[in-house]
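Build me a model from this:
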Amino acid sequence: MSLAPWVSHGNHIASFGNKAVTMQPMSIRAQILLLILLPLAAVALLVVSAQRIPVPEMGRGYVLRVELSRVDRPADLPEVAGRAGLPLVVIDAGHGGHDPGASGQGYREKTIVLGLARALRDRLEEEGRVRVALTRDDDRYLVHAERVDIARRLDADLFLSIHADSAGEAAEVTGASIYTLSNKASSEAAALFAERENASDRINGTDVGAQSDVVSTILVELSQRRTQEQSDAFARLIRREAEGAIRFHPQARKSAALKVLRAPDVPSVLFESGFITNEDDARRLASPEGRARFAEVMARAIRSYFARQQES
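Numbers count the residues shown, from 1 in each chain. Got it, this is the predicted structure:
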């Protein structure tokens, strides 16, 4: 069969064998109708034949799951070590689980501070002068309210939350800091730190540890009235006992509206052990020698604190 198309006066002329066939061009209206009907016909065919349009597999199965405590069940209480009748110190290793905290120099805050918390617990157990418990002894996530609740339910006499700070690209910033609770931050840096730490209760923009502003304000006021003096006394003792053993930030004493310090009836201090973004600080905090030095200093401050409490 031979096919030879020609165009003449707007018509299509085709030759099939020895016959010539004249074909009228398709109108624009017919072409538009065809464009509409063809996709509809294809969809109808798929429906009738029960066929399924394949969906690309890329991206499936990547779901972020965060284990949260049930709101109707409080966090499990940790084990308390020590002889009954002794004062109880609750040590809180900040962050944990999906929340790594600050990072720098190849370290993550949640790991650094858990090592410090365990070192202090072991030192206090060895001395045998207080009872001691950790809010977390593994890589689990607790919102701030749960950490405070653990201390209150255990009827703790002292609460110490341990953290490590970050200075971003300013790797030269170094030194430890001691925070106590206050409605008004002692500086802009303290306010920014409190905002960053309090934000660890947020997941996908939702505050999973939220309380109303009214309740939070009441708790802060109660804490200031009943326990601020004891918290300040403990902070001063940490500063005194650490002199010459731990390098402090030029502004070592700070205050801010930190959620983790909101227990109204438990003296509470947050200790920023150093800057994880500073090479010297990070190496010191991660080393056995650095953990031992921290535990020794903090144990002395705790002994002095309870000795003064008994005297008064």
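
residue ranges with poor pLDDT in the stretch 151-300 of the chain?
For the stretch 151-300 of the chain, residues meeting the criterion pLDDT under 70 lie at 184-224, 226.

try it again with 80
183-226 (pLDDT under 80).

Roughly how far does residue 126 sit from residue 81?
The gap separating residue 126 from residue 81 is 10 Å, by C-beta to C-beta, to the nearest Å. The C-beta positions use only the backbone N, C-alpha and C, and glycine is treated the same way.

For these two, work out which one has more neighbours and name it.
In this comparison of residue 126 against residue 81, neighbours counted by other C-beta atoms under 10 Å, the higher total goes to residue 81 at 16 against 10.

And that one, how close does it get to residue 159?
Distance from residue 81 to residue 159, counting by C-beta to C-beta: 16 Å.

Could you do residue 182 as well?
16 Å.

Ok, residue 312 next?
Residue 312 sits 19 Å away from residue 159, taking C-beta to C-beta as the criterion.

for the stretch 51-200 of the chain, what spans make up the strands?
Shown for the stretch 51-200 of the chain, the strands assigned by DSSP state E, counting those that start in this stretch span residues 88-93, 103-104, 107-108, 131-134, 158-165, 176-181.

what pLDDT does residue 149 get?
pLDDT for residue 149: 95.

And the pLDDT at the closest residue to it other than its chain neighbours?
Spatial nearest neighbour of residue 149, excluding adjacent residues (C-beta to C-beta, 6 or more residues apart in numbering): residue 74 at 6.0 Å. Per-residue pLDDT puts residue 74 at 76.

wait, what's in contact with residue 272?
By C-beta atoms under 8 Å, 6 or more residues apart in numbering, the residues touching residue 272 are 163, 164, 165, 176, 177, 178, 179, 193, 249.

if we go to 10 Å?
94, 102, 113, 161-165, 175-179, 193, 197, 248-249, 252, 254 (C-beta atoms under 10 Å, 6 or more residues apart in numbering).

which element is it on?
strand 268-275 (DSSP states H and E).

got the contact list for residue 247?
174, 175, 176, 274, 278, 280, 281, 284.
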